[in-house]
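S.K.: quick one, structure for this:
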Amino acid sequence: MQVDYRPEKSVVENNGHVIEVQIEDPDGSVPVGNKDYEIKRFHVHTPSEEKIDGRRFDASVHLVNTSADGETAAIGLLVEEGPPNPVMDQVVPLIPDTAGDENEAPDRIDPGGLLPADDEAFQFKGSLTTPPCEGLEWIIYRQPATMSGDQLAALRAAYDGNIRPIQSGNGRPITLGRVVSGGQ
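M.R.: Residues are numbered from 1 along each chain as shown. Next comes the predicted model:
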């Protein structure tokens, strides 16, 4: 799978549940199976909605991608405290205080800058973690991304505990493979 995200014109929104970056005119994409999915938005949950070996992380970022026929594929990033994330350096100052408010980013935001260096990822069929919880394809990077303590504190100040409980796997297979990140 080749992730091809690019710097995008974006708006940072407080939607009343998460801080979300809406992509205004998507150019970046990711192929999953035999379909291409355009990046539409990404948002942050604190703490992570996912666990690996029982461990919950400081946050998770969900990059939501949609195909031409309306299907969804999500790329998930587990986040732990560490060096600041340059993408979040752009996002955090634009976080609106009030639900329903938004701020246009003065510079293009590159969702690809969120991705960790190691391209190993889990893939499985699942659902969105916020309504509507329809089925979709998930790709979760194994290596955590990092955000600084200040970045995480700003996200927690907006919404802390905005997570869905861990759901049963219901016998769904989870595969582990490589993701190739690209773009311009």
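S.K.: may I see the buried residues of the longest helix seen in the chain?
M.R.: Longest helix of the chain, by residue count under DSSP state H: helix 149-158. Neighbour-count burial for helix 149-158 flags 151-152, 154-156, 158 (criterion: 16 or more other C-beta atoms under 10 Å). (C-beta placed from N, C-alpha, C; glycine too.)
S.K.: relative to P106, how far out is the spatially most central residue of the chain?
M.R.: For the chain, H62 is the residue whose C-alpha lies nearest the centre (C-alpha atoms, centre = their mean; 2.1 Å). Here the criterion is C-beta to C-beta, to the nearest Å. By it, H62 lies 24 Å from P106.
S.K.: what are the buried residues along stretch 105-118?
M.R.: 105, 109-116.
S.K.: Throw the residues you listed into a markdown table and include secondary structure and pLDDT, thanks.
M.R.: Formatted as a markdown table, the buried residues of stretch 105-118 follow (DSSP: H, G, I helix; E, B strand; the rest coil; pLDDT from 0 to 100):
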| residue | secondary structure | pLDDT |
| --- | --- | --- |
| A105 | coil | 97 |
| I109 | strand | 97 |
| D110 | coil | 96 |
| P111 | helix | 96 |
| G112 | helix | 93 |
| G113 | helix | 94 |
| L114 | helix | 94 |
| L115 | coil | 91 |
| P116 | coil | 88 |
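S.K.: could you dump these to JSON lines with distance to P47?
M.R.: Formatted as JSON lines, those follow (distance: C-beta to C-beta, whole Å):
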{"residue": "A105", "distance to P47": "25"}
{"residue": "I109", "distance to P47": "23"}
{"residue": "D110", "distance to P47": "25"}
{"residue": "P111", "distance to P47": "21"}
{"residue": "G112", "distance to P47": "24"}
{"residue": "G113", "distance to P47": "22"}
{"residue": "L114", "distance to P47": "17"}
{"residue": "L115", "distance to P47": "20"}
{"residue": "P116", "distance to P47": "18"}
